[in-house]
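> here's a sequence, model it:
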Amino acid sequence: MSKFSLDEINVLDYCKADLVIICCSFESRSIELLKRFETTDKPIVVFYNKESAGLFEENLKYVKSHIKYNYLTEISIDDPLFTVDRIIQTFDKFSSHNINNVLLDITCFTHEALLIVLKVLSTIFNKVNITCAYVNALDYSIGDNGNDKWLSRGISKIRSVLGYAGNIEPGKKTHLILIVGYEIDRAYAIINELEPNSISIGYGKAEHATAAKNKSSNELYSNLLFATSALYYDISRFEIRCNDPVSTANSILEQAKKNQDKNIIVVPLNNKLSTLGAALAYEKNNNLQICYAKALEYNIQNYSLPGDQVYIFSIADLIGSVTQE
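Modelled structure (predicted):
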């Protein structure tokens, strides 16, 4: 994995991309990378969640007026089957093209949509080099400090992510691997809803954060969650590297190995790099089930402040670097 300044690298040239995939959202950083592609003639697919489109009209307006995109495609945060169908329909249009390199901006997909896109891409473009880019945030929950920081609250439902159903055996106990970030409220709700027999809480430490400010918040929230989960006697913590999907994958697989006699459910709530780590872990151990907990409320007005760094990495290189089984 490499990290560059957004203003010092031509990402398209670096990745030799024949196709660009981006998700537009209410975060201003969702179009930070897109702004650097205004003059390209490469095909650009822009996905967006149809239910929340009214919350980011300015970002969509920018896409429509400044980018010579080929495909602007609705997906759904409420209906994963609709999302899968639309993603497949869109990518199928390029299946006969001479696509050798795909650039996927993972920054602002939901955790679920990102996992689905990765699965569909690996199926339709199984011989294509997929390079991911992730634009960091300068800060999250802008203007809030410490325990007041939040990105989303509540959950409406928990569902298995399509393509990551794993192998759940009736009668077995359940172990939950929960990768936490700022969303402590959702973490509580997930534990209460799933009622697992045991829990592993993964948290990111300050030195591995991708956001420049408030780097200690993830660890602080993990400690809070750990201390208040008194109802579960079988609970442990483990560290993840929020800036390293391979390390995160290895950490998840290590926790799964310790609990291999149970059904393993993984719920990634941290950044998209750690969510990619969950996807890598699944590729090594298909018994894992990755779940998504849809939020009831997002901190739309103050969600994030765009950073000036971009992480770039090849999916194939990441998969080859995962060492745990």
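> ok, E193 touching I155?
Yes: contact criterion CB atoms under 8 Å: E193 and I155 qualify, at 6.8 Å. All C-beta atoms are positioned from the backbone trio N, CA, C, and that covers glycine.
> any common contacting residues for these two?
Common neighbours of E193 and I155, counting by CB atoms under 8 Å, 6 or more residues apart in numbering, are A293.
> so those two - more neighbours on which side?
Between E193 and I155, counted using other CB atoms under 10 Å, I155 has the larger neighbour count: 21 against 12.
> wait, what's in contact with the nearest residue to E169 once chain neighbours are set aside?
Nearest-residue entry for E169: N263, 6.2 Å, with adjacent residues in sequence omitted and distances by CB to CB, 6 or more residues apart in numbering. Each residue near N263 by CB under 8 Å, 6+ apart is listed here: 166-169, 172-175, 289.
> again, but for T83
75-76, 112-113, 116.
> one more time with 7 Å, if that's ok
Counting by CB atoms under 7 Å, 6 or more residues apart in numbering, T83 makes contact with 75-76, 113, 116.
> how far away is S141 from S152?
Separation of S141 from S152 (CB to CB, to the nearest Å): 10 Å.
> check I184 too.
Look at I184 and S152: by CB to CB, they are 10 Å apart.
> what do those two both touch?
By CB under 7 Å, 6+ apart, no residue touches both I184 and S152.
> S76: what's it in contact with?
Applying CB under 7 Å, 6+ apart, we find S76 in contact with 49-51, 82-83.
> next one: it from E51, what distance?
As judged by CB to CB, S76 and E51 stand 6 Å apart.
> with Q324 instead?
Between Q324 and E51 the distance is 37 Å, computed by CB to CB.
> which one of the two is surrounded by more residues?
Set Q324 next to E51 and count neighbours by other CB under 10 Å: Q324 wins out with 17 against 13.
> how about the strands in the stretch 101-250 of the chain?
Listed in chain order, the strands of the stretch 101-250 of the chain (DSSP state E, counting those that start in this stretch) span 101-105, 129-140, 152-160, 174-179, 198-204, 235-240.
> out of those, which comes closest to Q255?
Q255 lies closest, by CB to CB, to one member of the strands of the stretch 101-250 of the chain: strand 198-204, at 4.3 Å.
> now that closest one - C-alpha only, CSV.
The C-alpha coordinates for strand 198-204 follow below in CSV (Å, rounded to 0.1, in the frame of the first residue of the first chain):
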residue,chain,number,x,y,z
SER,A,198,-18.8,-14.4,23.0
ILE,A,199,-17.4,-11.2,21.5
SER,A,200,-14.1,-10.0,20.1
ILE,A,201,-13.8,-6.2,19.8
GLY,A,202,-11.3,-4.8,17.3
TYR,A,203,-10.2,-1.2,17.7
GLY,A,204,-7.8,1.0,16.0
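> tell me the average confidence for it?
Mean per-residue pLDDT for strand 198-204: 90.
> pull up the pairing partners for that strand, direction included.
When pairs are called by DSSP bridges, strand 198-204 turns out to pair with strand 174-179 (parallel), strand 235-240 (parallel).
> so which of those strands is the most surrounded?
Most buried of the strands paired with strand 198-204, by mean neighbour count (mean count of other CB atoms under 10 Å): strand 174-179, with a mean of 24.
> and that one, average pLDDT?
For strand 174-179, the per-residue pLDDT averages 96.
> roughly how far is that strand from the heart of the chain?
Chain-centre distance of strand 174-179: 17 Å, with CA atoms, centre = their mean, to the nearest Å.
> which outside residues touch it?
Residues outside strand 174-179 that contact it (CB under 7 Å, 6+ apart) are 187, 190-191, 194, 196-202, 240, 252, 255-256, 259, 262-270, 274, 278.
> pLDDT-wise, which helix or strand of the protein ranks last?
When the helices and strands of the chain are scored by mean pLDDT, DSSP states H and E, helix 217-227 comes last with a mean of 63.
> output the helix or strand where V84 lies as CSV, restricted to C-alpha atoms.
Secondary structure assigned from DSSP states H and E places V84 in helix 80-92. In CSV, the C-alpha atoms belonging to helix 80-92 read as follows (Å, rounded to 0.1, in the frame of the first residue of the first chain):
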residue,chain,number,x,y,z
PRO,A,80,-29.4,-4.9,-1.3
LEU,A,81,-31.0,-7.1,-4.1
PHE,A,82,-31.7,-3.9,-6.1
THR,A,83,-28.2,-2.8,-5.4
VAL,A,84,-26.7,-6.0,-6.7
ASP,A,85,-28.9,-6.0,-9.8
ARG,A,86,-27.9,-2.4,-10.7
ILE,A,87,-24.2,-3.0,-10.1
ILE,A,88,-24.2,-6.2,-12.2
GLN,A,89,-26.2,-4.4,-15.0
THR,A,90,-23.7,-1.5,-15.0
PHE,A,91,-20.5,-3.7,-15.0
ASP,A,92,-21.9,-6.0,-17.6
